[in-house]
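Q: the following block contains a protein sequence and its predicted model.
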Amino acid sequence: MKYGIFSDIHGNLEALEAVLAAMTNLEVDRRVCLGDVVGYGPNPNECVELVRKHADLTILGNHDSVALGWEASENFNFYARRAIEWTRENLTTQSKEFLKSLRYMECENDLCFVHASPHSPRTGITSRISRMPPIPSIFPRAHLFHRAHPLSRDRGT
């Protein structure tokens, strides 16, 4: 199976459209969004709608969670905080409902998908990677995540 994995759209409609078109051209079998559909960019609702329609699996990102008011924006810089406040005020009910349906981690078959890291699905890796226990000691699967170099293994494709 050929996976198309994307993340950190942050409301950038043009970039999302380009990625989805590339995945169509590459004939991926399954599209997985690793979160942060909203934040920064001017088109959060359009991006949520495209992800809802075209991703087979979507993970909740920290910006998505902050936009819903589930987490505080205190760790965001000034610009990120202003952008997420604007996003929160402009999300439609339909967009909010979709984001509320997402989880920080989803596993299927022998793959585990997270936004931040399998050690801390909400906040990611905040210390040196060398200080982390080996991922297979926590989850005996292949892992795909956006906040560090992805760990993967040959999927036979």
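A: Right, received. Where do you want to start?
Q: contacts for stretch 89-102, please.
A: Contact with stretch 89-102 is made by 35, 37-38, 44-45, 48-49, 51-52, 58-60, 64-65, 67-68, as judged by Cβ atoms under 8 Å, 6 or more residues apart in numbering. (Each C-beta comes from the backbone N, C-alpha and C, glycine too.)
Q: can you rerun that using 7 Å?
A: 44-45, 48, 52, 58-60, 64, 67-68 (Cβ atoms under 7 Å, 6 or more residues apart in numbering).
Q: closest one to E74 out of the residues you listed, please.
A: E74 lies nearest to A67 out of these, by Cβ to Cβ, at 14.6 Å.
Q: can I assume the closest one is in contact with A83?
A: No: contact criterion Cβ atoms under 7 Å: A67 and A83 do not qualify, at 9.6 Å.
Q: need the overlap of contacts for those two.
A: G39.
Q: compare the two (neighbour count), which wins?
A: Higher neighbour count among A67 and A83: A67, with 30 against 23, using other Cβ atoms under 10 Å.
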